[in-house]
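# Quick one: sequence and predicted model below, then my questions.
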Amino acid sequence: MSAPIVVGIAGGSGSGKTALARSLAERFGADAALIFHDNYYCRRDELTWDERSRINYDEPAAFETSLLVDHLDRLIEGRAVDVPVYNYAEHNRSDETVRVEPAPIVFIEGVLVLHEEELRKRFNLKLFVETDADVRILRRIKRDVLERGRTIESVEEQYLATVKPMHERYVESSKVWADVIIPEGGHNHVALETIAGGLAANVANLAQRS
């Protein structure tokens, strides 16, 4: 099996990067593996729920990126990995893992994946999803309240305390590393079709060589 094409997908919280990553992965089915950086938040069993809820989850130190790098290297080598599962309601990793098998295309999604050099140098294609800040915060409020059991007040507090300043410090600046900048992410159907077509052609070329 040839080494996979590794695609990094970054962008601000609520930008549409997850929708883009899921849409691309679904397009390729069994030929794609999808891993979310969020699942590699550091485990915090030693802290109470209140303490965990006040952690800055938008800075690089919040993630065990070294584990993701190790897992990505294993997938590149053609070995399966057991990816951790993060529980947003508990602000902690669960005891569950999900087996991810090697595939011709590996998608890595997360707000900081282009900020991390050890990830960047393993990516064959780097995508950055750019969406207006007002749209992103509205999407975040809807997601966190409806899907993650948060209150509007807690979402507002977290956004102002960490999400916005960390976006300006780490996420926005990582755009310089992107090969392609995509407005609106998964909602941009033209970009989705263009990227999917290019990846399909590359996968076909790799299959012919192997």
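Now that the structure is in, tell me what you want to look at.

# what residues does the biggest helix by length in the chain touch?
Ordering each helix of the chain by length in residues (DSSP state H) puts helix 189-209 first. With contact meaning C-beta atoms under 8 Å, 6 or more residues apart in numbering, helix 189-209 is reached by 2, 5, 7, 20, 23-24, 27-28, 31, 104-105, 125, 127, 180, 182-183, 186. Glycine gets a C-beta too; all of them are placed from N, C-alpha and C.

# try it again with 10 Å
1-5, 7, 9, 19-20, 23-24, 27-28, 31-32, 103-105, 107, 124-125, 127, 129, 180-186, 188 (C-beta atoms under 10 Å, 6 or more residues apart in numbering).

# Can you list the low-confidence ranges for the chain?
1, 209-210 (pLDDT under 70).

# ok, now with 90
1-2, 13-16, 53, 89, 131-163, 165, 183-189, 202-210 (pLDDT under 90).

# What segments of it are strands?
Secondary structure of the chain (DSSP state E): strands located at 5-11, 32-36, 81-87, 92-100, 105-109, 125-130, 180-183.

# could you give the angle of the second one to strand 5-11?
Which is strand 32-36. If you take axes from the mean of the first three to the mean of the last three C-alpha atoms, to 10 degrees, strand 32-36 sits at 40 degrees to strand 5-11.

# Who are the packing partners of strand 32-36?
strand 5-11, helix 17-28, helix 65-76, strand 81-87, strand 92-100, strand 105-109 (3 or more C-beta pairs under 10 Å, 6 or more residues apart in numbering; DSSP states H and E).

# Distance to R44 and mean neighbour count added to those, as JSON lines?
Output for these, formatted as JSON lines (distance: least, C-beta to C-beta, whole Å; neighbours: other C-beta atoms under 10 Å):
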{"stretch": "strand 5-11", "distance to R44": "24", "mean neighbour count": "26"}
{"stretch": "helix 17-28", "distance to R44": "23", "mean neighbour count": "20"}
{"stretch": "helix 65-76", "distance to R44": "15", "mean neighbour count": "17"}
{"stretch": "strand 81-87", "distance to R44": "11", "mean neighbour count": "17"}
{"stretch": "strand 92-100", "distance to R44": "5", "mean neighbour count": "13"}
{"stretch": "strand 105-109", "distance to R44": "22", "mean neighbour count": "25"}
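
# nearest to P165, of the ones you listed?
Of all these, strand 5-11 sits nearest to P165, with 16.8 Å by C-beta to C-beta.

# Okay, now the sheet partners of the closest one, with direction.
strand 105-109 (parallel), strand 125-130 (parallel) (DSSP bridges).
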